[in-house]
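Visitor: pasting the sequence and the predicted model now:
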Amino acid sequence: LVSAVTAFWKALAPGSRVAVWTSGPPSNVVTFGTDSATAETRLQAVAPAGKNYALDALLDAARGMTGSGDGRRVLVYVGGGDIEGSQSRSTEMVRAIGQAGATPMIVLITAGAAASSVPGGPTAGSSFTTDMQGYFEQVAAGYRGSCVVVLSTQAALKALQDVAADLASQYRVRYESTAGDPAPLLLGRAVERDR
């Protein structure tokens, strides 16, 4: 995924500030303000092993965005749906995205598996399945983001290019109302009676 992430980074508008967290274990690999060449070297040093703690990484990333200025904030996740976590962690993550004012843009690599085992709190040790695709689709829709499901890392590259193009083509619009009281709203009501 490193080449897909760096290609995405390079496709963003000049002046975009990017930070990168990994999902296993969650750690901030690249901080805001790092140049893309240094970031690529750091990302290539990350060993792809262990469990996928994407919810923790997304939570850390959303918290890392809070208070980072007035710019537009986008939280991009690219990775698999075999995520370890809990119901409370997923709730925390969704709340943190809202507090950061971020738009989630998800590229979910399913590779044939639509559900994952997510142990949860007091039920640790038991296993149940969670529809991560449905979960991420709801999170994206709730915060006016996007969720794209792909089957391979090659397809993830194309999906990230589409996300970068989407980010580069949107405008930020601010609405202001006029001073004074609005005109009263008139409502009419039609009544039909049986004869």
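Guide: Great, that's in hand.
Visitor: break down the protein into its helices, ranges please.
Guide: Taking DSSP state H, the helices of the chain run over residues 2-11, 36-44, 54-65, 87-100, 132-142, 153-169.
Visitor: look up the closest residue to N28, ignoring the ones flanking it.
Guide: Closest residue in space to N28, ignoring its immediate chain neighbours: W21 at 5.4 Å, by Cβ to Cβ, 6 or more residues apart in numbering. C-beta here means a position set from N, CA and C on the backbone, and glycine is covered the same way.
Visitor: out of the helices of the chain, deepest packed?
Guide: helix 54-65 (a mean of 23; mean count of other Cβ atoms under 10 Å).
Visitor: pull the CA atoms of it into CSV?
Guide: The C-alpha trace of helix 54-65 is given here as CSV (Å, rounded to 0.1, in the frame of the first residue of the first chain):
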residue,chain,number,x,y,z
ALA,A,54,-7.7,0.3,12.4
LEU,A,55,-10.3,1.6,14.8
ASP,A,56,-7.6,2.6,17.2
ALA,A,57,-5.5,4.2,14.4
LEU,A,58,-8.6,6.1,13.1
LEU,A,59,-9.4,7.3,16.7
ASP,A,60,-5.8,8.5,17.2
ALA,A,61,-5.8,10.2,13.7
ALA,A,62,-9.1,12.0,14.4
ARG,A,63,-7.9,13.2,17.8
GLY,A,64,-4.7,14.3,16.1
MET,A,65,-6.7,16.5,13.8
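Visitor: begin at 343, not 1, for the rest of this chat.
Guide: All right, first residue 343 from here; so that's helix 396-407.
Visitor: what does that helix contact?
Guide: Residues from elsewhere that reach helix 396-407 (Cβ atoms under 8 Å, 6 or more residues apart in numbering): 361, 363-365, 367-370, 374, 415, 417, 419, 421-422, 425-428, 431-432, 434-435, 438-439, 441-444.
Visitor: remind me which residues of the protein are low pLDDT?
Guide: 368, 409-412, 454-472, 512-519, 523-537 (pLDDT under 70).
Visitor: hmm, 80 instead?
Guide: For the chain, applying pLDDT under 80 flags the ranges 366-368, 389-391, 408-413, 453-472, 511-537.
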